[in-house]
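K.L.:
The following block contains a protein sequence and its predicted model.
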Amino acid sequence: MIVRTCRAALLPLAVLLASAVWCGGAAAASLTIHAPEEAKQGSAVRVRVAVDEPLPRVAFTWLGKTIDAPTVAEGPDRVAEALLPVPVNASKDLIVQASAGALTGKATVRVLKVKWPEQQISVQKNYVNPPKETLKRIEGERKASAAAIGRVTPERHWRGPFVRPVPGVVTSAFGGKRMFNGEARSYHRGVDLRGAQGTPIKAMADGKVLIAQNMYFAGNTVYLDHGQGVISTYAHMSRLDVKPGESVKAGQQIGLVGATGRVTGPHLHLGVNILGVAVDPLSLVPQH
């Protein structure tokens, strides 16, 4: 979907009315939104905005939140991009609004419903109902995770397609309703990818390390900030190869596959949150 809007240039009052409908002429400035016409629940949407004025930033508004994105020169235009989340429970079409200076525009993305699977999982009892002495630790880790997931920085580190961290197939899909030892828990906020113990794990995109530590449920875990509210998570690792505050490149090894935390065997739990909303990480990875 491409939506274009225009505004009149600063001309004398007598010619403003005529120039306002002369979209595409030299006298008018325009903002063009490139957005998909439809997207599945739980997916990430890439939106691109082009303006034909030297404006340094574009503001994207989605789900009541705003991302302030820098523009870069591309031919005669300035272009900005943003990744936006479609919640797993989105029940109606979503609207992206964009503004740059006095230029504004909006586009509608039709939401396609998904029938989420249900999964039964058996784990050690202490990972379903943790001992009292671990509750303080778990609460602290939840707060740290929430702060990382909710982080929205103005810098954009990600570029181009995202990298698949390990080559293994999906063993547990995103969005499924999960039952641990027969007890219902929240939906699966990531994907589990098969990997032998010690398999190298690659960063999905350029970013900065927010968290690199052992957690009760997630085991050895890394959180990467890719900018503009895009955060990736890598859990159950056998070894951490990065530290908080480090910068990483797309495809860089950040650790090894393991079986730490609440697991049934070695694998990588991969998660992506955008503006605090979990999306299917594989919706960002090219499908071959």
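P.N.:
Good, I have the coordinates.
K.L.:
you'd agree Leu193 is up against Leu268?
P.N.:
Yes - the pair Leu193 / Leu268 is scored as a contact, 4.7 Å apart, by CB atoms under 8 Å. Glycine gets a C-beta too; all of them are placed from N, C-alpha and C.
K.L.:
what residues do the two have in common as contacts?
P.N.:
165-166, 168 (CB atoms under 8 Å, 6 or more residues apart in numbering).
K.L.:
and of these, the nearest to Gln228?
P.N.:
Ranked by distance to Gln228 (CB to CB), the shared contacts of Leu193 and Leu268 are led by Pro165 at 20.2 Å.
K.L.:
Can you get me a residue count around that closest one?
P.N.:
25 (other CB atoms under 10 Å).
K.L.:
wouldn't it be in contact with Ala203 here?
P.N.:
Yes - counting by CB under 8 Å, Ala203 is a contact partner of Pro165 at 7.3 Å.
K.L.:
what residue ranges in the stretch 51-200 of the chain are flagged as low confidence?
P.N.:
By pLDDT under 70, the low-scoring segments of the stretch 51-200 of the chain are 118-129, 176-187.
K.L.:
residue ranges of the helices in it, please?
P.N.:
Ranges of helices in the stretch 51-200 of the chain, per DSSP state H, counting those that start in this stretch, are 135-149.
K.L.:
Tell me how far Arg194 lies from Glu38.
P.N.:
Separation of Arg194 from Glu38 (CB to CB, to the nearest Å): 30 Å.
K.L.:
who has more neighbours, the two?
P.N.:
Arg194 (17 against 14).
K.L.:
For the more buried one, which residues are in contact?
P.N.:
166, 168-171, 267.
K.L.:
Reformat those as a markdown table; add neighbour count and distance to Thr199.
P.N.:
Shown next, in a markdown table, are the contacts of Arg194 (neighbours: other CB atoms under 10 Å; distance: CB to CB, whole Å):
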| residue | neighbour count | distance to Thr199 |
| --- | --- | --- |
| Val166 | 19 | 6 |
| Gly168 | 17 | 7 |
| Val169 | 9 | 13 |
| Val170 | 14 | 15 |
| Thr171 | 15 | 13 |
| His267 | 25 | 9 |
